[in-house]
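Chemist: Here's my sequence, what's the structure:
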Amino acid sequence: MIVKEEFLSRLRKIFDLNLYEVKVWTALLSRGVSTAGELSNISDVPRSRTYDILESLEKKGFIVMKLGKPIKFVALKPEEVIERVKKNLVVEASEKSKRLERLKGDDVLHELSTLFTQGVKFVEPSDLSGSLRGRQNLYNHLDMMIREAEESVTIVTTADGLNRKLEILMPSLEKAKKRNVKIRVAAPINTNNLKVAKDFSKIGEVRNLEKMKARFIIVDSEQILFMLLNDDNVHPNYDVGVWINTEFFAQTLEQLFELAWKEMKPVKNGK
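Modeler: Next comes the predicted model:
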């Protein structure tokens, strides 16, 4: 059986499988029912690994083991595989979420926090910096910064970026407002994001950014996260940002922003 490497690569990404798993699975799909030995020959996977791979695929819901001797394995319809994988992912995610939630009151979290607190004592604030890849990682870090904000949050983003941030950041921004954190949002406002802008205006001041295109956030005049690429022409997986903890640069950037802020038109809450 010959399956293109490109196709196998796509399957690996879609179903989160390793190379041997996609080779054995596609080999079984081509036969319907087969033994481990036959699948080893067809897929070019070492016989010593084939049983482990088949057991893994069975646990993940891709195949079924047929009773009898010799032991055979039955392929399921791809549509059925998708449904099973989706259900397994939901169950697995729920279990992991509960396990992590239980950590909040566990000694493990206390020990981890103690390690971090002790380690940070020996770190200069300017050393707390790094690069982030992938838009999801960027938003996770943005959310963390907002959750830790004590005084102010300044967000500058694009028109599309404003739409994306509503669902992801709004819960943390609402909590920040309750802590009396000053929130300002600047972005190009158009017919596609006007409603979103008005929703943001419920928790902070929103202004129309017409003369500049930028993507950054400043928190408490100390931390900055700025994106390096134009979101119009970069895939979310390849988005890149730089996070730095520097009061000197953060305050300077915020002072420059103040000049532009005064020229922007406010967006008012309402219909």
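Chemist: Val153 against Ile183, yeah?
Modeler: Yes. Val153 lies in contact with Ile183 (C-beta atoms under 8 Å); the separation is 4.9 Å. Quick note: C-beta positions are derived from backbone N, CA and C, even for glycine.
Chemist: so what sits against both of these two?
Modeler: Among the neighbours of Val153, those also in contact with Ile183 (C-beta atoms under 8 Å, 6 or more residues apart in numbering) are Leu173, Ala176, Gly204.
Chemist: Compare neighbour counts for Val153 and Ile183 and give me the winner.
Modeler: Val153 (25 against 20; other C-beta atoms under 10 Å).
Chemist: How are the helices of the chain distributed by residue range?
Modeler: Here the chain has its helices, by DSSP state H, at 5-15, 19-31, 36-43, 47-59, 78-102, 107-120, 135-148, 159-178, 194-200, 247-261.
Chemist: My understanding was that Ile203 contacts Met170; is that so?
Modeler: Yes. Using C-beta under 8 Å, Ile203 is in contact with Met170, at 7.4 Å.
Chemist: Looking at those two, which is more packed in?
Modeler: For Ile203 and Met170, the more surrounded residue by other C-beta under 10 Å is Ile203, and the numbers stand at 20 against 16.
Chemist: any idea how far the nearest residue to the more buried one once chain neighbours are set aside lies from Arg184?
Modeler: Leaving aside its sequence neighbours, Ile203 sits nearest to Lys177 (C-beta to C-beta, 6 or more residues apart in numbering; 4.6 Å). To Arg184, Lys177 is 12 Å away according to C-beta to C-beta, to the nearest Å.
Chemist: More neighbours: which of the two?
Modeler: Taking neighbours as other C-beta under 10 Å, Lys177 and Arg184 compare with Arg184 leading, 20 against 15.
Chemist: got the contact list for the more buried one?
Modeler: Neighbouring residues of Arg184 by C-beta under 8 Å, 6+ apart: Ser152, Val153, Thr154, Ile155, Gly204, Glu205, Val206, Arg207, Trp261.
Chemist: Any chance of those in a markdown table with distance to Glu6 and pLDDT as columns?
Modeler: Listed next are those as a markdown table, based on distance: C-beta to C-beta, whole Å; pLDDT from 0 to 100:
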| residue | distance to Glu6 | pLDDT |
| --- | --- | --- |
| Ser152 | 49 | 95 |
| Val153 | 44 | 96 |
| Thr154 | 44 | 96 |
| Ile155 | 40 | 96 |
| Gly204 | 47 | 94 |
| Glu205 | 50 | 94 |
| Val206 | 45 | 94 |
| Arg207 | 47 | 94 |
| Trp261 | 49 | 91 |
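Chemist: Domain-wise, how is the chain divided?
Modeler: 5-87, 120-267 (automatic domain parsing).
Chemist: Same list, the ones you listed, but as CSV with distance to Ser97 please.
Modeler: Shown next, in CSV, are the domains of the chain (distance: least, C-beta to C-beta, whole Å):
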stretch, distance to Ser97
domain 5-87, 16
domain 120-267, 15
